[in-house]
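# can't give you the sequence, but here's the structure:
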């Protein structure tokens with residue numbers, strides 16, 4: 001039995017002489033692994049098809065699905081969204097790769113979660129089409145909203161009564177914690193503001209310099225690491241930190 005669904009390619013590895021195994025986060029089934037036959041053959045037509053399975057590709061797919069199998073098959077595939085900038089612009093590609101890598105570490109179960117799918121899909125599309133100001137703040141937005149959709153949203157809001165964000169507890173508080181994993185003042189205020197943004201366009205109103213973005217991104221990844229088992233250092237982070245002005 002086949003099903004049609006949207007999917008976002010997370011990673012792809014070579015399989016056999018001409019095929020690949022690709023991990024795709026689908027709208028309908030969540031995280032699934034698929035065999036795609038023949039896309040690594042030497043003909044120009046087959047080489048072009050391999051482009052569909054680069055990380056970040058947003059596809060419409062028709063798939064065979066069996067709940068008892070860990071490896072599925074793709075029957076048909078086509079572009080759902082065609083990037084104009086992400087694949088060629090260094091900054092936007094770094095943003096996309098960061099979001100994909102972080103998403104992979106967060107997803108521990110194969111079950112479908114449409115809200116997580118829409119967050120990744122929308123953020124990747126925004127990385128491609130948004131203004132430079134919005135794109136620069138997009139990683140901060142993605143970390144915070146990924147935490148929310150994954151079930152460990154930061155609790156409370158920044159205020160004069162709760163000016164400290166405890167990164168271990170994931171909450172705003174008035175009391176300085178007895179550990180070093182917290183942020184306060186302007187950093188805590190910006191975090192609260194971004195967390196409550198619902199529309200990407202509002203990110204343009206938040207004016208940050210490179211140092212502030214780097215500090216906040218490090219702090220929020222520290223927060224994420226307290227809530228994800230076996231969280232590993234992101235290989236894409238140094239590149240992202242270098243280019244985010």
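Perfect, thanks for sending it. The shown structure was predicted, so the numbers you read here are calculated from the model rather than taken from an experiment.
# residues of the helix or strand that contains residue 218 that come out buried?
Using DSSP states H and E, the element containing residue 218 is helix 210-225. Within helix 210-225, the residues that qualify as buried by neighbour count (16 or more other C-beta atoms under 10 Å) are 213-214, 216-217, 219-221, 223-225. Any C-beta I mention is one placed from the backbone N, CA and C, and that applies to glycine too.
# Quick check: next helix or strand after the helix or strand of the chain with the lowest mean pLDDT?
Lowest mean confidence among the helices and strands of the chain (mean pLDDT, DSSP states H and E): helix 44-50, at a mean of 71. Under the assignment DSSP H and E, the closest C-terminal helix or strand after helix 44-50 is strand 58-64.
# Strands of the chain, start to end?
Using DSSP state E, the strands of the chain run over residues 2-15, 19-26, 30-36, 58-64, 71-81, 164-166, 171-173, 182-184.
# just to revisit the earlier point, including pLDDT and distance to residue 242, could the buried residues of helix 210-225 go into TSV?
Formatted as TSV, the entries for the buried residues of helix 210-225 read as follows, by pLDDT from 0 to 100; distance: C-beta to C-beta, whole Å:
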residue	pLDDT	distance to residue 242
213	94	12
214	94	9
216	97	16
217	96	12
219	97	18
220	97	18
221	97	16
223	97	22
224	96	20
225	95	21
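# Turn those residues into TSV, columns for distance to residue 9.
Listed next are these as TSV, based on distance: C-beta to C-beta, whole Å:
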residue	distance to residue 9
213	27
214	28
216	28
217	24
219	30
220	25
221	23
223	27
224	22
225	25
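# Return the member of these nearest to residue 198.
Using C-beta to C-beta, residue 220 is the member of the buried residues of helix 210-225 that sits closest to residue 198, with 18.2 Å.
# Surely that closest one is in contact with residue 142?
No. Counting by C-beta atoms under 8 Å, residue 142 is not a contact partner of residue 220; they are 9.7 Å apart.
# Just want the most central residue of this structure.
The C-alpha lying nearest the average C-alpha coordinate of the chain belongs to residue 99 (C-alpha atoms, centre = their mean; 3.0 Å).
# separation between that one and residue 135?
Spatial separation of residue 99 from residue 135 under the definition C-beta to C-beta, to the nearest Å is 11 Å.
# which neighbours do the two share?
Shared contacts of residue 99 and residue 135, defined by C-beta atoms under 8 Å, 6 or more residues apart in numbering, are found at residue 127.
# Done for today, thanks.
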